[in-house]
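Student: Provided below for reference: sequence and predicted model.
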Amino acid sequence: MGIFQELIVESKTGHNVDIATYVHDKLAMADARIARIEKEVLNKASRIFYFNNNADTFTARECDDDYDLLYIAVFHSYRNIVNILLEHGVDIRPSGWNYGIALNAATIANSSSKDMASLLIGHGANPNHWNNGSTPLHWAITHGHGETARMLLEHGADVNALDGLFDSALSLAVKYEHWQTEEELEALITIPLQHGATINRSFGRDMDATTILHDTASTRCEGVVRLLLDHGADVNARGGTYDTALQAAAVGRRQGVIDEGGGPGWLNVAKALLDYGADVNARGGKYGTALQAAAT
C-alpha cells in the first residue's frame, strides 16, 4: 500500500492527519538520503498544509494560496522531492487551483523549467490542458522560456491554442516583453513559427484585435518584422487602433522609439513594410493615414 493510500485509510478512521508531517516521515523512511533543503521544504509544509478527510483521493493544499505540494516542489525546482512524489503515486491531474497544474509551475519557474516540464510530461502531464485561461505553452512563452516552449510543442502542444484574451503563443511572445533584445524576440517568435503557427489571424478582443505584424511593427525590431513578412504575414492586414501595420510603425516613431544605435528604429520598420508592399495611402485607424500618424 502506497503512502497516499495509507493516508486515505488513516483519514477514514476519524483521526486528524497532519499531512505534511506524515509525508515527511514516510518519505524519510523510504529514502534516508533526502537532502537537507528538501527536508526543510517538507518541514515548512507541515505548518501550511492540511488533509481533506472527505476527499476520495490524496489532497494536499496550502491554506492561503491553494497550491498543492507537487506544485510547490516543481515551482522551486526541488527535483528529488518531485521524483519521490511521482514515484509514490501523487495525482498529477489538474487540481483546478490558481494556475492549476504542476506543469504550469514548471513552465513559469525561473530554473530547470525545461527539465522539470519534461519530467512531468513523462509521467502523463497534458501539455494542452487549458486552465484559468491559459495552456502550459502560453505560460512558457509569456515568461520567455523558449526551450521549454519548444519541448512542449515537440510533445504535442497546440501552437495555435488561444488563451482567455484570444492570444496565441505567437502573439504573446511580443506582448509580454520578457525579451531584452531584438535577437531574443526573434528567437522566441521563431519557435512557434517553426511549428506551424497561424500568422495572419487577429488576436485580442473585438475592436482591439490585431495581427502579430501590427504588434511587432510598433516596436523597433526590423528583423522580426522582416521575419514575419518572410513567413507570409499580410503587410496590409487591417485591425486594431491604428488599422495598419504601417500606421502602427509611424506611431512608434511618434512615441520616440529609438534603437540602441541612436537611429530611428521605427524608420527601418516602416521601410521594411514598404519593401513588402505596404499601402502608404491606406486610410483608417486613429490617425487616418500613416503619414498623419508620423506628423502628429
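Tutor: Arrived safely, thanks for sending.
Student: contact partners of stretch 148-158?
Tutor: 106-107, 113-114, 117-118, 121, 127-128, 135-137, 140-141, 159, 169, 188, 191-192, 195 (CB atoms under 8 Å, 6 or more residues apart in numbering). (Glycine included, C-beta is placed from N, CA and C.)
Student: quick one: average pLDDT of that stretch?
Tutor: Per-residue pLDDT over stretch 148-158 has a mean of 97.
Student: how about that stretch: buried residues?
Tutor: By 16 or more other CB atoms under 10 Å, the buried positions in stretch 148-158 come out as 148-153, 155, 157-158.
Student: Restricted to strands, list those.
Tutor: Cross-referencing the buried residues of stretch 148-158 against strands under DSSP state E gives no overlap.
Student: Arg238: which of these is nearest?
Tutor: Asp158 (26.7 Å; CB to CB).
Student: the helices in the stretch 101-250 of the chain, which residues?
Tutor: Per DSSP state H, counting those that start in this stretch, the stretch 101-250 of the chain carries helices over the ranges 102-108, 113-122, 136-142, 146-154, 169-175, 182-194, 212-217, 222-230, 245-254.
Student: Any of the contacts of stretch 148-158 buried? List them.
Tutor: Among the contacts of stretch 148-158, those scoring as buried are 106-107, 113-114, 117-118, 121, 127, 135-137, 140-141, 159, 169, 188, 191-192, 195 (criterion: 16+ other CB under 10 Å).
Student: related to what we said a few turns ago, take the helices of the stretch 101-250 of the chain and lay them out in CSV including distance to Leu291.
Tutor: Converted to CSV, the helices of the stretch 101-250 of the chain look like this (distance: least, CB to CB, whole Å):
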stretch, distance to Leu291
helix 102-108, 43
helix 113-122, 45
helix 136-142, 35
helix 146-154, 37
helix 169-175, 25
helix 182-194, 26
helix 212-217, 15
helix 222-230, 19
helix 245-254, 7
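Student: Out of these, which gets the lowest mean score?
Tutor: Here the helices of the stretch 101-250 of the chain differ in mean pLDDT, and the lowest is helix 245-254 at a mean of 82.
Student: which residues are in contact with it?
Tutor: 210-211, 213-220, 225, 235-237, 240, 242, 264-267, 269-270, 273-274, 278-280, 282, 284-287, 289-291, 293-294, 296.
Student: go on, stretch 194-213?
Tutor: If you take CB under 8 Å, 6+ apart as the criterion, stretch 194-213 is touched by 153, 159-160, 162, 165-171, 174, 189, 193, 215, 225, 228-229, 231-235, 237, 239-241, 245, 248.
Student: Go again with 7 Å.
Tutor: Identification of contacts with stretch 194-213 by CB atoms under 7 Å, 6 or more residues apart in numbering yields 153, 159-160, 165-171, 174, 228, 231-234, 237, 239-241, 245.
Student: Now list the buried members of the contacts of helix 245-254.
Tutor: Judged by 16+ other CB under 10 Å, buried ones among these: 210-211, 213-220, 225, 235, 237, 240, 242, 264-267, 269-270, 273, 278, 282, 285, 287, 289-290, 293-294.
Student: Number of residues surrounding Ser168?
Tutor: Neighbours of Ser168 under the rule other CB atoms under 10 Å: 24.
Student: can you pull the contacts of it?
Tutor: Neighbours of Ser168 in contact, by CB under 7 Å, 6+ apart: 160-162, 197, 203.
Student: Mean pLDDT per helix and strand in the chain: which one sits at the bottom?
Tutor: For the chain, counting by mean pLDDT, DSSP states H and E, strand 49-51 ranks last in confidence among helices and strands (a mean of 36).
Student: Assign Ala272 to helix, strand or coil.
Tutor: helix (DSSP: H, G, I helix; E, B strand; the rest coil).
Student: do the one 5 residues further on as well
Tutor: Assigned by three-state DSSP, the conformation of Gly277 is coil.
Student: Could you check the pLDDT of it?
Tutor: Value listed for Gly277 in the pLDDT field: 98.
Student: returning to what we had before: can you tell which of the helices of the stretch 101-250 of the chain is closest to Ile72?
Tutor: Nearest to Ile72, of the helices of the stretch 101-250 of the chain and by CB to CB, is helix 102-108 at 7.8 Å.
Student: Would you mind pulling up the elements that the closest one packs against?
Tutor: Under the contact criterion of 3 or more CB pairs under 7 Å, 6 or more residues apart in numbering; DSSP states H and E, helix 102-108 touches helix 69-75, helix 113-122, helix 136-142.
Student: Can you name the residues in contact with it?
Tutor: Helix 102-108 is contacted by residues 70-71, 74-75, 92, 99, 113, 116-117, 120, 125, 131, 136, 139-140, 143, 145, 148 when judged by CB under 7 Å, 6+ apart.
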